[in-house]
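Engineer: Have a look; sequence and predicted model below, questions after that.
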Amino acid sequence: MNIEQARFNMIEQQIRPWDVLDQTVLTTFGFIPREAFVPDAWKNLAFADVEIPLGHDETMMHPKVEARLLQALNVTPDDNCLEIGTGSGFVTACLAHLSKHVDSVDIHEDFTRQAEQRLLDSGLKNYSLHTGDALRSWSSGQLYNVIAVTGALPNYLPRFEEQLAVGGRLFIVIGTAPAQHAMLVTRQAEGEFTRQMLFETGLKPLLGAVTESRFVF
């Protein structure tokens with residue numbers, strides 16, 4: 001496989017046609033080596049328009065969904081970010097490349113360990129990885145400018161928006177397959193939020209989300 005040609009095709013044939021026009025996001029996908037975050041058994045699918053298995057019945061998102069997530073969050077170099085669901089570590093790497101610092105938490109300890117090695121190999125240093133259940137108990141105790149939730153919730157929960165600083169942005173996917181939609185939540189002021197529907201998509205649910213989702217938006 002010609003890796004650079006495959007990367008170019010991913011950007012130009014999958015990501016850009018899906019209304020990702022932010023040059024910073026496109027450049028990030030050209031810079032962060034997605035193939036380095038894909039399990040060895042699926043390296044040949046690193047740039048394909050598919051969800052790549054990671055284990056524990058979890059997958060990497062489609063590249064175009066990852067890109068829309070980053071574009072919606074409009075990450076800046078001064079932002080402190082929180083990622084719910086480290087997974088392979090690829091979105092973690094993109095957030096770290098774009099921001100000041102990233103805290104990323106995953107419920108699977110082996111995902112945390114594998115992502116740590118991949119991120120070390122990438123040369124990025126402005127991140128902290130954590131193993132825990134962000135739906136129930138894990139919390140850093142701080143507020144964030146950007147929060148990316150990489151698994152779906154059946155119904156809207158206020159837990160994550162409450163961790164936003166004023167001006168902060170939250171990307172989250174709500175609903176159950178096949179009726180899921182991505183949402184951007186912005187904290188305008190203390191106790192004041194705006195919620196914007198972005199696009200229809202499909203993501204696997206966060207582990208434990210079914211039993212935890214009681215607040216309906």
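Structural biologist: Done, it's in.

Engineer: if I look at residue 201, how far off is residue 189?
Structural biologist: From residue 201 across to residue 189, the span is 29 Å (C-beta to C-beta, to the nearest Å). Heads up, the C-betas are built off the backbone N, CA and C, glycines and all.

Engineer: Those two - which one has more neighbours?
Structural biologist: Taking other C-beta atoms under 10 Å, residue 201 and residue 189 do not tie; residue 201 has more neighbours (18 against 8).

Engineer: and the gap between that one and residue 148?
Structural biologist: From residue 201 to residue 148 the distance is 14 Å (C-beta to C-beta).

Engineer: One more: residue 55?
Structural biologist: 21 Å.

Engineer: same thing with residue 8?
Structural biologist: 25 Å.

Engineer: With neighbour numbers in mind, choose between the two.
Structural biologist: residue 148 (27 against 13).

Engineer: So for the particular helix or strand that has that one in it, mean pLDDT?
Structural biologist: Per DSSP states H and E, residue 148 falls inside strand 144-153. What strand 144-153 shows for mean pLDDT is 97.

Engineer: Check which helices and strands it is in contact with.
Structural biologist: Counting contacts by 3 or more C-beta pairs under 8 Å, 6 or more residues apart in numbering; DSSP states H and E, strand 144-153 packs against helix 63-73, strand 80-84, helix 90-98, strand 164-176, helix 209-212.

Engineer: Mind giving me the packing neighbours of the top helix by length along the chain?
Structural biologist: If you go by DSSP state H, the chain has its longest helix at helix 109-122. Applying 3+ C-beta pairs under 8 Å, 6+ apart, one finds that helix 109-122 contacts strand 52-55, helix 90-98, strand 101-106, strand 127-131.

Engineer: To residue 194, which of those lies closest?
Structural biologist: Nearest of those to residue 194, taken as C-beta to C-beta: helix 90-98 at 21.9 Å.

Engineer: Can I get that closest one in CSV, CA atoms only?
Structural biologist: C-alpha atoms of helix 90-98 as CSV (Å, rounded to 0.1, in the frame of the first residue of the first chain):
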residue,chain,number,x,y,z
PHE,A,90,-5.9,8.5,17.5
VAL,A,91,-8.4,11.2,18.4
THR,A,92,-6.4,11.8,21.6
ALA,A,93,-3.4,12.5,19.4
CYS,A,94,-5.3,14.8,17.1
LEU,A,95,-6.7,16.7,20.2
ALA,A,96,-3.2,16.9,21.7
HIS,A,97,-1.8,18.2,18.4
LEU,A,98,-4.4,21.0,18.3
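
Engineer: got the angle between that helix and strand 127-131?
Structural biologist: Angle, helix 90-98 to strand 127-131, by axes from the mean of the first three to the mean of the last three C-alpha atoms, to 10 degrees: 150 degrees.

Engineer: got the angle for helix 90-98 vs strand 144-153?
Structural biologist: 170 degrees.

Engineer: Quick one: distance of helix 90-98 to the chain centre.
Structural biologist: Put simply, helix 90-98 sits 9 Å off its chain's centre (C-alpha atoms, centre = their mean, to the nearest Å).

Engineer: what does it contact?
Structural biologist: 24, 28-29, 31-32, 34, 37-38, 60-61, 66, 69-70, 75-77, 79, 81, 83, 86, 102, 104, 115, 118-119, 122, 124, 126-127, 129, 146, 148, 150 (C-beta atoms under 8 Å, 6 or more residues apart in numbering).
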